[in-house]
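Enquirer: I'll drop the sequence and a predicted model, then ask my questions.
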Amino acid sequence: MLPGFQGVSVHDRYAQYWRFGCQHSACHAHLLRDLAAVAERASQKPWAEAMAKLLLEAKDDADKARAAGKTSLPRRRLKAIAMTYDDIVIQAIRANPDPWLAGREKRTQPEKESWNLALAFKELKAEILLYCKNLSVWFTSNLAERGFRMIKIHSKISGGFRSFEGAEAFCATWSYLSTARKHSQSPLGVLVSAFQGRPWAIPDGAPA
């Protein structure tokens, strides 16, 4: 599916995802967790907390603008966010100096984690701030991950399916319920409708 995908992929920055030619956006749930972990080190706390604060404030602005029917944050606000972002990235890079400067050959594991995160913010600015420019882009990939969660739960409990047909039926049913829920439909209601021969369908013109 992904090789032909032409939309925006919101993901956790796993290296293999960048091989696909679609537009990319970083999942901020993962970024915020990474920032919280890095902030446990005193030397990283100032920039990590500042970046988390900026991302959450920008999310609030994006949510309000989307509710007002906007497709992007105002240009002035985008510029202010970008400037603050750049200032914090400079702090992050300075907080992670080359170990050679301290007379060591390499970084410790905690140092690697903070350096890699600082580098990610430096190199992925466009992907991290895309949700501000394009308000149709989600802040996190949580919605997509919830769609797959039942598959994982079933795997943990049952270990697998007894037949391919059973797996197909499970996936079709869960896809039907998940899509209906995204359109504010009652899962029980659409199941009843399906068994009555009147399956719910996405309204014409509505996004899938």
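Expert: Happy to help now that I have it.

Enquirer: going forward, measure contacts and count neighbours with C-alpha atoms only.
Expert: OK.

Enquirer: any low-confidence regions in the protein?
Expert: Residues of the chain that meet the criterion pLDDT under 70 lie in 1-2, 142-149, 205-208.

Enquirer: out of everything not next to it in sequence, what's closest to the residue positioned nearest the centre of it?
Expert: Centroid-nearest residue in the chain, with Cα atoms, centre = their mean: C27, separated by 2.1 Å. Nearest non-adjacent residue to C27, counting by Cα to Cα, 6 or more residues apart in numbering: T140, 4.4 Å away.

Enquirer: does that neighbour count as helix, strand or coil?
Expert: coil (DSSP: H, G, I helix; E, B strand; the rest coil).

Enquirer: with V10 instead?
Expert: strand.

Enquirer: quick one: the nearest residue to it once chain neighbours are set aside from S72, how far?
Expert: Leaving aside its chain neighbours, V10 sits nearest to S25 (4.6 Å; criterion: Cα to Cα, 6+ apart). Distance, S25 to S72, by Cα to Cα, to the nearest Å: 15 Å.

Enquirer: more neighbours: these two, which one.
Expert: Neighbours were counted for S25 and for S72 using other Cα atoms under 10 Å; S25 has more, 25 against 19.

Enquirer: give me the three-state assignment for that one.
Expert: strand.

Enquirer: and it, what does it touch?
Expert: For S25, the contacting residues are 8-11, 127-131, 137, by Cα atoms under 8 Å, 6 or more residues apart in numbering.
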